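A.B. asks: I would like the atomic coordinates for the input below:
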Amino acid sequence: MIPLQHSAWSTLLCFGLLLTVACTGGTPASPASNTSAASAPSPATASQPDRTLVIAIRGEPGTLNGKRGGGLNLIAVRQIINADLARLDESDGVHPMLAESLPQLNSDSWRVSADGKMETTFRLRPNLTWHDGQPLTADDFVTAWKVYTTTPIGGFDPTPQNLMDEVVAPDPRTVVIRWKQPFPDAGQLDNKFSPLPAHLLDQPLRDLDSDAFVNLPYWTQEYVGAGPYRLEHWEPGAYLDLRAFPGFALGRPKIERVRLQIISDPNTAVSNLLADATHVALDNTIRFEQARVLRDQWGGGSRGSVLLSASDRRFLQVQFRPDLANPRTIVDRRVRAALAHAIDRQALSDGLLDGQGILMDTMIFPQERWFPAVDKAIAKYAYDTRRAEQLLNEVGYTKGPDGIFTSPTDGRLALELRVSAGGQNEQQNDIIVDGWKRFGVDASSNPFPVARLQDGQYRASFPALQGSVGGSPDSLMSAGIPRPDNRWNGPNRGAWSNPDFDRLFTAFNGSLDPNERTQSIVQALKLVSDELPVITLYYDFNVIAHVAEVQGPREGGDAWNVYEWQWK
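C.D. replies: Here you go, the predicted structure:
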């Protein structure tokens, strides 16, 4: 493959790299055999106003609710169907959505008291409605707060509702949130506080037990949201059909019909794009490898665009549950440090991203305001097999005649690296495992089917390490550990728990002072670098691809502005 154009640091620090590409001619490839793809609507001419926009997604969502965990993290899908008080654009700019305007600190809309408690007031737009035509009012935020904070239900991201004392609705258009402590993002609350329809959920919340409540068809095939598109039909394992919602807060979307086509194989997604059987690929349906293929096929500007943004983190989660950790020495920090030193991350980035990736030493992005201070404070693990061997020697491992590290008490150093199946994931695993084997670790790669991403217990039960994409520092909070009582939902799948980290990150989330926040995040991430609950790899690209007939997708923007998309 010819490398993609090398991007400068300054471009990556602005979250992105834009490649606009088009086909130079020739006959487009036929879509690969796929039941889901075969059921997609036939391409029509762009002049037809009712033409269906087909969006490829990489798997079936576990739910359409933006706050509920579990299953695939399909951010764009949730943006298409849900509406929030505010929404972030591709540059993290904040835009009011259900709210008329956003609270401003030290005003009547955002008050901070001497004891550190706060009160924020959101005024809703007039005449808001749910997809079923019922009014959307402040009471729906009260219902959402009750659902998100009802402990037996579990499965919902606890932040920031765990910081709220109460939510009240003095009138249908006013939402008042009383906070236990400062929360710097209290003025935006994009997908952190999605409303829930009181007219559908208040009575079930009172009458049903937690199992019955979380298994209501509301959460899936009977979902009612307030976003740009409403659900019309969900064909399990195949597609979701949506229709433009005329009552959307920011106006009726310009494209009338959308089909979310489930295509788990990225190469099939590429074939369908080239054949015009699908028109957009979102939510990591295709990765960098497929972006190169599209670039080669769309080589000049007229047939499609590939948008890349450096907005993903690649890292390995470590298993800390004593009953699952295998080898048991994986819980020894020195073993984790040795494994980190034995990964040639530069070669990994070069092999997977044509050298355009940036090595990642911490769980925040380089453009974040506290990154320079964090970068100076943290421990780093450069590729150094000599240092890796010294660390294993300290634990009691020495190389045997077969070149594999062996301990008198623990035997051969054998471990499994698990990852969800797919091109870049499996390639990444193969490169890491091959390097560990050459170093002296009896390592193996275990790709699991994409469908198992819906199984929270399976994803939390890996024996040694698991490849992950996305993540953020708050994913390491103890509250995010998947357990039976939260229905195995939560991003902290390795079950690392450190009270000092929890305290520091809570302080980071609970301060309005930038200097105090910087001190807290520096200490928290230094602790992570010392303890190594995760082994960081590199910053990866999120890929959005769309045919030229579609106008509107933005670099780094997911589907936040889908209501503006249109046919040429």
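
A.B. asks: Tell me how far the spatially closest residue to residue 381 that is not a sequence neighbour lies from residue 359.
C.D. replies: Nearest residue to residue 381 in three dimensions, chain neighbours excluded: residue 340, at 3.8 Å (CB to CB, 6 or more residues apart in numbering). Where you see a C-beta, it was placed from the backbone N, CA and C, and this is true even at glycine. Distance, residue 340 to residue 359, using CB to CB, to the nearest Å: 12 Å.

A.B. asks: Pick out whichever of the two has more residues nearby.
C.D. replies: Neighbour comparison, residue 340 and residue 359: the larger count goes to residue 340, with 25 against 15 (by other CB atoms under 10 Å).

A.B. asks: pLDDT below threshold where in the stretch 251-400 of the chain?
C.D. replies: Flagging of the stretch 251-400 of the chain using pLDDT under 70 yields the residue ranges 300-301.

A.B. asks: Please enumerate the strands of it.
C.D. replies: Taking DSSP state E, counting those that start in this stretch, the strands of the stretch 251-400 of the chain run over residues 257-262, 280-281, 304-318, 358-359, 398-399.

A.B. asks: same thing with the stretch 401-550 of the chain?
C.D. replies: Counting by DSSP E, counting those that start in this stretch, the strands of the stretch 401-550 of the chain are 405-407, 411-412, 414-420, 442-448, 465-469, 534-547, 550-551.

A.B. asks: Rebuild these as TSV, extending it with distance to residue 372 and mean pLDDT.
C.D. replies: What follows is the strands of the stretch 401-550 of the chain, written out as TSV (distance: least, CB to CB, whole Å; pLDDT from 0 to 100):
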stretch	distance to residue 372	mean pLDDT
strand 405-407	37	97
strand 411-412	42	96
strand 414-420	32	96
strand 442-448	35	96
strand 465-469	25	94
strand 534-547	16	93
strand 550-551	38	95
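
A.B. asks: Mind putting those into CSV with distance to residue 50 and mean neighbour count?
C.D. replies: Below are these laid out as CSV (distance: least, CB to CB, whole Å; neighbours: other CB atoms under 10 Å):
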stretch, distance to residue 50, mean neighbour count
strand 405-407, 63, 19
strand 411-412, 63, 14
strand 414-420, 36, 21
strand 442-448, 40, 17
strand 465-469, 36, 23
strand 534-547, 18, 24
strand 550-551, 15, 16
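
A.B. asks: and residue 296, how many neighbours?
C.D. replies: Applying other CB under 10 Å, we find 13 residues neighbouring residue 296.

A.B. asks: do residue 194 as well
C.D. replies: If you count neighbours by other CB under 10 Å, residue 194 ends up with 25.

A.B. asks: if we can go back for a sec, could you dump the strands of the stretch 401-550 of the chain into TSV with distance to residue 316 added?
C.D. replies: TSV is the format used below for those (distance: least, CB to CB, whole Å):
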stretch	distance to residue 316
strand 405-407	18
strand 411-412	20
strand 414-420	7
strand 442-448	12
strand 465-469	5
strand 534-547	4
strand 550-551	36
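
A.B. asks: Which of those strands sits closest to residue 128?
C.D. replies: strand 550-551 (27.5 Å; CB to CB).

A.B. asks: After that closest one, which helix or strand is next?
C.D. replies: Scanning forward in sequence from strand 550-551 by DSSP states H and E, the next helix or strand is strand 566-567.

A.B. asks: Mind giving me the packing neighbours of that next one?
C.D. replies: strand 550-551 (3 or more CB pairs under 8 Å, 6 or more residues apart in numbering; DSSP states H and E).

A.B. asks: Run the chain-centre distance for the strand it packs on.
C.D. replies: 24 Å (CA atoms, centre = their mean, to the nearest Å).

A.B. asks: Stretch 302-321 too?
C.D. replies: Using CA atoms, centre = their mean, the offset of stretch 302-321 from its chain centre is 9 Å.

A.B. asks: Check stretch 54-70 too.
C.D. replies: When distances are taken as CA atoms, centre = their mean, stretch 54-70 is centred 11 Å away from the chain's centroid.

A.B. asks: just stretch 315-324 next, same as before
C.D. replies: Worked out by CA atoms, centre = their mean, stretch 315-324 lies 20 Å from the chain centre.

A.B. asks: With stretch 107-126 instead?
C.D. replies: Stretch 107-126 sits 29 Å away from the centroid of its parent chain (CA atoms, centre = their mean).

A.B. asks: Any buried residues in that stretch, and which?
C.D. replies: 109, 110, 111, 112, 118, 119, 120, 121, 122, 123, 124 (16 or more other CB atoms under 10 Å).

A.B. asks: Widest-spaced pair of those?
C.D. replies: The span of the buried residues of stretch 107-126, defined through CB to CB, is set by 112 and 124 at 22.8 Å.

A.B. asks: Ends of stretch 440-459, what's the gap?
C.D. replies: When the termini of stretch 440-459 are compared using CA to CA, to the nearest Å, they are 27 Å apart.

A.B. asks: ugh, typo on my part, it should be stretch 456-464
C.D. replies: End to end - CA to CA - stretch 456-464 spans 17 Å.

A.B. asks: Check the average confidence over that stretch, would you?
C.D. replies: For stretch 456-464, mean pLDDT rounds to 96.

A.B. asks: From the chain's centroid, how far away is that stretch?
C.D. replies: Here stretch 456-464 is found 18 Å from its chain centre; the criterion is CA atoms, centre = their mean.

A.B. asks: do the same with stretch 137-145
C.D. replies: Averaged C-alpha coordinates place stretch 137-145 at 25 Å from its chain's average position (CA atoms, centre = their mean).

A.B. asks: No further questions, thank you.
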